[in-house]
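> Just the structure for this:
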Amino acid sequence: MTRRLFEGKDHAAAYMQYRVAPQEMISIIMSYMEKRASKKFNLAVDVGCGSGQGTVLLAPHFTRVVGMDISAAQIEMAQTNSRPPNVSYRQCPAEELPFAPGEVDLLTAMTAAHWFDRPRFLLEADRVLRPGGCLALLNYTLDMELEYGDVSDALNDICKELYAALLPFRAPYLGLSSAKIYADMFNSCSYPDKEWNECLRVKRTLPVGAYVGMVETFSPYQVLKKKDPAEAERLSKDVITKLLSAMKVSSPDTEVTVVVKYFYWLACKP
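Got it, this is the predicted structure:
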């Protein structure tokens, strides 16, 4: 069954503010597609689009881009953000897409497919993709790393404490990493032309406060926040205090390099 998360307006706003836009992944996806067809692509559909950070990155490559999400709050947030004229959004479950058979050139889900009814979603993907169309599924691991001068190791020890504190609130079926879920989906895909990549390291320079803000958008933190708001707030403040102390700075606006580790798979429909 589909898991319904990320539905509150406050959470959607935080998602918009802190989540990383995966520009490097868009380049990889388009390179994969262009090797198989050099023509202009018509329709891209971004499923589980959230507030649209990844959706808008597809706009230069397609005549039309549609972001889909089951959450009304996420769609509302996406629509308030500036977007190219060829990008639109619709509230819709991933397993029931409003497109004709063979209409879609690219179907992607960026950090969302682990919440879907995966067998139904893969059947729906096969239905809407045209022959030669591509499916691209990607996610990243919780264990992001920080780089800052000669104290990176100390910062990452603090981060590991944060991740360990959140682990009991992680959805059990995800396991320690959702990579296995994506690998199982990859193995169940019958398309002969497909590629799996275990780790792409993407770096972003963010304020310390924004790094913690991004962690706060993750589902384990949201579960903790719902169960014990005071403890969630204490955990965030404690992590920021420890990070700033290790960096020997006082402002959470101090920038640090955040290393996000993506895994992904791409497949081309015969």
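
> For the protein, which segments are assigned as strands?
41-47, 62-69, 87-91, 104-110, 129-140, 145-147, 193-207, 255-268 (DSSP state E).

> Quick check: which of those strands is buried the most?
With neighbours defined as mean count of other C-beta atoms under 10 Å, the strands of the chain peak in mean count at strand 104-110, which reaches a mean of 26. Using the backbone N, CA and C atoms, a C-beta is placed for each residue, glycine as well.

> count of residues packed around residue 34?
Close neighbours of residue 34, defined as other C-beta atoms under 10 Å, add up to 12.

> Quick check: it vs residue 268, distance?
Look at residue 34 and residue 268: by C-beta to C-beta, to the nearest Å, they are 12 Å apart.

> Verify the stated contact: residue 266 with residue 134.
Yes. The pair residue 266 / residue 134 is scored as a contact, 6.3 Å apart, by C-beta atoms under 8 Å.

> residues shared between the contacts of those two?
With contacts defined as C-beta atoms under 8 Å, 6 or more residues apart in numbering, the residues shared by residue 266 and residue 134 are 29, 32.

> could you dump the strands of the chain to JSON lines with distance to residue 160 and mean pLDDT?
JSON lines is the format used below for those (distance: least, C-beta to C-beta, whole Å; pLDDT from 0 to 100):
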{"stretch": "strand 41-47", "distance to residue 160": "32", "mean pLDDT": "97"}
{"stretch": "strand 62-69", "distance to residue 160": "31", "mean pLDDT": "97"}
{"stretch": "strand 87-91", "distance to residue 160": "37", "mean pLDDT": "96"}
{"stretch": "strand 104-110", "distance to residue 160": "25", "mean pLDDT": "97"}
{"stretch": "strand 129-140", "distance to residue 160": "16", "mean pLDDT": "96"}
{"stretch": "strand 145-147", "distance to residue 160": "10", "mean pLDDT": "97"}
{"stretch": "strand 193-207", "distance to residue 160": "17", "mean pLDDT": "93"}
{"stretch": "strand 255-268", "distance to residue 160": "14", "mean pLDDT": "95"}
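
> so can I have CSV of the ones you listed showing distance to residue 235?
Listed next are those as CSV, based on distance: least, C-beta to C-beta, whole Å:
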stretch, distance to residue 235
strand 41-47, 32
strand 62-69, 28
strand 87-91, 32
strand 104-110, 27
strand 129-140, 21
strand 145-147, 17
strand 193-207, 18
strand 255-268, 18
